[in-house]
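Asker: build me a model from this:
(one chain, ligands or ions: 1)
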Amino acid sequence: MILSERKKTNQLLSNCILIFNEMNVKDFERIKRWASYAKHDVGYYSIFSLTQSIYDTLWNRNEAVEEGFSKYLNRRTTEYREMLNYHNKNCEGNCLVCKDRQVIKDLLGIDYERTES
Ligand SMILES: [Zn+2]
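Answerer: This is a model prediction of the structure:
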């Protein structure tokens, strides 16, 4: 299945909730700025620009600097995606995972919910 750039970007957003949660206010502002532009600019709503915005914030994480941004982002998003898959099968209502996702969604003003399983 070929996903549109927007869907792929939404997937990335969806898999970054934990990373966003760990950000300090200033770093998360960077992501909010991305969201505020991307909402009105189809070309900017892309894996590339989102990834660059996330990379901008990773300088503050020793772990990410040591591992390399690309490897770090891949590893963390894969871990979260696996956790999310488990959650989606087992969640019975409003849990912490649901709540975290909703908070980020509200802060970014983007509905990135995945529709495919
Ligand atoms: Zn839940």
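
Asker: contact residues of the protein facing the ion?
Answerer: 91, 95, 97-98 (Cβ under 5 Å from the ion). (Each C-beta comes from the backbone N, C-alpha and C, glycine too.)

Asker: so which of those is the closest to Lys105?
Answerer: Cys98 (10.5 Å; Cβ to Cβ).

Asker: what's the closest non-adjacent residue to that closest one?
Answerer: Cys91 (6.4 Å; Cβ to Cβ, 6 or more residues apart in numbering).

Asker: please report phi then psi for the one you found.
Answerer: Per-residue torsions, Cys91: phi -70, psi 130 (degrees, to the nearest 10).

Asker: surely it and Arg101 touch.
Answerer: No. Between Cys91 and Arg101 there is no contact under Cβ atoms under 8 Å: 10.5 Å.

Asker: so where does Glu66 fall, helix or strand?
Answerer: Following DSSP states H and E, one finds Glu66 within helix 62-67.

Asker: circling back to that earlier point, of Cys91 and Arg101, which one has the most company?
Answerer: Ranked by neighbour count (other Cβ atoms under 10 Å), Cys91 and Arg101 place Arg101 first, with 20 against 13.
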